[in-house]
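Trainee: no sequence on this one, just coordinates:
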Ligand code: ASP
């Protein structure tokens, strides 16, 4: 009665779900993971001989892979994620979906990592675990496991197929790269703070089609096998020593850091703090800013205390969970050796892990000497993946950033600039009002304390029709104030729903 595909493949890694007290005679002895057989035999409708399970009126064929020594998930390693992904790939064509049994402690890291490691996934990969071992009277394991099998077998069961890595726990299904463990003991241990649940499992399993990623099966499943291990995650806190920060950020082999900051991405703006960041960026390290708040997102440049991070090369993690940011970085830095391209790639929404993509068009800095009034600059390189991903019709907002402005030989900074796009010869006399190439004018004054300044402006309407990443663009900056100044970096960030 079963064809080749109406089946679910279970991968068992260990965790509480399959653990029992070490000493069978002493229920208080520490829990240790048991073999998969022990777990499966506790499922009420599991048929060991035929290797299937009855759910409703359907018989679901099961395939298995168990780690030789199941582990507590605190011991999970990068190579374990690759192993799970390779097993999924090896069994991909023979099964409807996959269930990964995992300890809850690092489950959200694994679900995030698999989301990025598996490329072109179109079948369900459901990760689950339990707060109490399967053998215990009040265990949540049976419900979590059976519901996960049912979600993974959606095609057979006639339900909506969730073709992505997800987490099922208690009664909710979440996107894998949006999930965090929020409670150490609640049966509802997981949540997806910045994205709605993909489904609810009450008496019936209801999948919210609107939020499930639409899968197009155009390419075959790929596994990113190379991960960059030299990555760190750091929480900032009031009173953090900048000497310590400097030492940590400038550790010899370090290639990237997820910096967990305050609120909308804010951090101390002292010279020492920002200097430590600047050095790390100059030494080719990627620093991604995510919020240490449970929900919400980073908005670099909203406050002065985050503008400094941006102008020193820190990139926005938008509304990513720290787990998603970290594992995305493992994969991207494992793949991309050009750090600047890797930074641009990191800002794209690859798996629904962040609300929007930020496409960057970087231009160099320049300077106005006493006798120059306008300069024309060209992009340093095209947008990463932009030609096939960026589409102006999905543009939400575009922000022009002129960063690291320094005034020369003056006490007070007084900058007045007008910016034109694709009009190389623009100058002070060029018509601004009503000119489609004119994208904005800004004045800024500040007292020179040796620190640099940045100017940001919203240019959404103005650049929308000019930038499609198929034509070379240019920016002409006109110095309307006449005072000499220089700046380090120019960038247009395109926030787009694609
Ligand atoms: N320490 C266990 C683990 O993560 C906790 C659990 O599974 O709930 O493996």
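Mentor: Done, it's in. All figures in this text were calculated on a predicted structure; none of them were measured in a lab.
Trainee: rest of the way, CA atoms for contacts and neighbours
Mentor: OK.
Trainee: what are the buried residues along the lowest-mean-pLDDT helix or strand in the chain?
Mentor: Sorted by mean pLDDT, DSSP states H and E, the helices and strands of the chain end with helix 386-389, the least confident at a mean of 78. Taking 16 or more other CA atoms under 10 Å as the neighbour-count basis, helix 386-389 is seen to contain the buried residues residue 386.
Trainee: can you name the residues in contact with it?
Mentor: 359, 468-470, 498 (CA atoms under 8 Å, 6 or more residues apart in numbering).
Trainee: SS state for residue 287?
Mentor: Per DSSP: H, G, I helix; E, B strand; the rest coil, the secondary structure class of residue 287 is strand.
Trainee: residue numbers of this structure in contact with the ligand?
Mentor: Listed as neighbours of the ligand in the chain under the rule CA under 6 Å from any ligand atom: 15-16, 72-74, 103-106, 130-131.
Trainee: show me how to select, in PyMOL, the buried members of those residues.
Mentor: What follows is the PyMOL syntax selecting those of those that are buried according to 16+ other CA under 10 Å:
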select buried, resi 15+16+72+73+103+104+105+106+130+131
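Trainee: and the helix or strand following the least confident helix or strand of the chain, what's buried?
Mentor: Using DSSP states H and E, the helix or strand that follows helix 386-389 in sequence is strand 395-407. The neighbour-count criterion (16+ other CA under 10 Å) identifies 395, 397-407 as the buried residues of strand 395-407.
Trainee: also stretch 28-40?
Mentor: By neighbour count with 16+ other CA under 10 Å, stretch 28-40 contains the buried residues 31-36, 39-40.
Trainee: swap in stretch 447-460?
Mentor: For stretch 447-460, the neighbour count (16+ other CA under 10 Å) marks 448, 452-456, 458-460 as buried.
Trainee: what about these, which are in helices?
Mentor: Among the buried residues of stretch 447-460, the subset assigned to helices under DSSP state H consists of residue 460.
Trainee: can you redo the buried residues of stretch 447-460 as a markdown table with pLDDT and distance to residue 299?
Mentor: As requested, the buried residues of stretch 447-460 are exported to a markdown table (pLDDT from 0 to 100; distance: CA to CA, whole Å):
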| residue | pLDDT | distance to residue 299 |
| --- | --- | --- |
| 448 | 59 | 26 |
| 452 | 76 | 20 |
| 453 | 83 | 18 |
| 454 | 87 | 15 |
| 455 | 91 | 15 |
| 456 | 91 | 13 |
| 458 | 94 | 14 |
| 459 | 96 | 17 |
| 460 | 96 | 17 |
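Trainee: gap between the closest residue to residue 73 other than its chain neighbours and residue 440?
Mentor: Leaving out its chain neighbours, the residue that sits closest to residue 73 by CA to CA, 6 or more residues apart in numbering is residue 103, at 4.8 Å. Counting by CA to CA, to the nearest Å, the gap between residue 103 and residue 440 amounts to 53 Å.
Trainee: again with residue 211
Mentor: Taking CA to CA as the criterion, residue 211 is separated from residue 440 by 37 Å.
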